[in-house]
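here are the coordinates; sequence isn't available:
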RNA sequence: CGAGCCGGCCGGACGGCCGCGUCGGAACUCCUGUCACGGGGGUUCCGCCGAGGAAGGUCCGGGCUCCACAGGGCAGGGUGGUCGGUAACGCCGACCCGGGGUGACCCGCGGGACAGUGCCACAGAGAACAGACCGCCUUUCCCUUACGGGGGAGGUAAGGGUGAAACGGUGGUGUAAGAGACCACCAGCGCCCCCGGUGACGGGGGCGGCUAGGUAAACCCCACCCGGAGCAAGGUCAAGAAGGGGACUUUCGGGUUCCCGCGCGCGCCGCUUGAGGACUGCCCGUCCGAUGGUGCGCGGGUAGACCGCUUGAGACCACGAGCAAUCGUGGCCCUAGAUGGAUGGCCGUCGGUCAGCGAUGACCACAGAACCCGGCCUAUAGGCCGACUCGUCCG
RNA sequence: GUCAUCGUAGCUCAGAUGGAAGAGCGGUCCCCUGAAAAGGGACAGGUCCGAGGUUCGAUUCCUCGCGUUGGCA
């Protein structure tokens, strides 16, 4: 994801699942397109080195989970300050829980 | 051996599996164009390369690009011992002067206070061509038997006390008491001469007057330097005053959406007798200038691609010049170029640090390129190398 | 990339030419009240962001640094 409108769409209209280290926003459009994913790591998380590391870890974790997303997905992962000092397995666990809440439920749920 | 001082360098190493980015190659595939060669994109595989000494802060200086190649004066800003280095600097080196240290060495915005103006609180009698509070001395008056005390007039900067600072220091002559009033030496100031040095300056000699406060990181004066903006610079696709471009889609007619050129109305100024504008603020001077400039209102509008983009005052190694900063010659090498922004995940061995008798366990400094260089400053676990100084001991 | 702003008591802010710092709220104690609030009185509280420098003397002037907030492209 690389456009401001797409971030706004996912964050404002999508559903949200929060964990201590991160927040996941998810929405889906009708179009039959490949899912796109964006990351938000604010200045509150740390300095430039820390923010880069958090972003790379999240990108790595999401890459392995892309197949879980339906077509047309817009997904934004926002990092919270605890993500800076979290171990990768903790980040992965938080991410899995959040994804489970958002898309793991039956497809006829609220949308 | 201990303590210290200065400089240079490194800043984890090796390997396995899975991923990411640029570039190159191959295969497959899509779009587009030509008579033909072609152009552009996607996927997969292979290969090379892939953050720093500070990439940081943005405090200076340059390259590069555009503005009209930018002239003169004023204003404004900056620098401030000397000589050298450099593309340049507010940086670096050596030296000079002043200060600190036993020393190696360290610190200094280090021009001018007889061009002018301002300021120097409190304390103190007096604070800038100073000043009689106490004191000292002369004289006079009063009180007192006397010793002595008090008042007036005057002399006096040697002494006291205040202060950051009180108008040279010590000794003598001199005097009523004193005073550079005079003398000797010392310190300091100005001028002249000689010697050494490119120079700052240093050494020596002579003469003069006896003495001149501090502050210019207060205004200021002097010397020298400075055009402005910044890669979101700037350019190409880009044709045109009616359309053009990108992306997606298509039944190939087109459609959707975004972007660029902004569009309309009313008024004012002007079209070479020139409105307005540029050379950054002003003046002179020079130049641009008519599909023009400007005011108000309404409507529209906020980033598509590509180039610039990494070969450069370049890195390394020799030799030479120089005390050094640095420079010259030769050899050799090519070493990130992203654009929601590429270095991540898992694991092994070794290396450090800490804990523990041990098995073992935990941890790994500061910090992430964004046009590119030269400096400065700031952050930084741990480690390596070298020069030198002082102290102690041994020979 | 570039240009600014601010940093003073626990909080919000003043301050001067360089001569040593205040206000409001808050805090503590006392008075008032049967008790409290309000009111009155008294008191305490400061590395003037840090380091270095200029000066006799710096919160103020100079340099560097740290942090805060913001503007423009």
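Right, received. Where do you want to start? From a predicted model like this one, the values you see are computed outputs, not experimental measurements.

Contacts only, for the residue positioned nearest the centre of chain A.
For chain A, the residue lying nearest the average C-alpha position, counting by CA atoms, centre = their mean, turns out to be residue A:77 (2.5 Å). If you count contacts by CB atoms under 8 Å, 6 or more residues apart in numbering, residue A:77 has them with A:22, A:23, A:24, A:37, A:38, A:39, A:40, A:58, A:62, A:95. (Glycine included, C-beta is placed from N, CA and C.)

same thing with residue A:17?
Under the criterion of CB under 8 Å, 6+ apart, the contact list for residue A:17 reads A:23, A:24, A:26, A:97, A:98, A:99, A:101, A:102.

Make sure I have this right: the residue nearest to the centre of chain A is in a strand.
Yes - assigned with DSSP: H, G, I helix; E, B strand; the rest coil, residue A:77 falls within a strand.

Of the contacts of residue A:77, which are in range of RNA strand B?
A:38, A:39, A:40 (CB under 7 Å from any atom of the strand).

What is the helix or strand of chain A with the lowest mean pLDDT packed up against?
Averaged element by element with mean pLDDT, DSSP states H and E, chain A has its least confident helix or strand at helix A:4-13 (a mean of 72). Packing partners of helix A:4-13 (3 or more CB pairs under 8 Å, 6 or more residues apart in numbering; DSSP states H and E): strand A:22-28, strand A:36-41, strand A:73-79.
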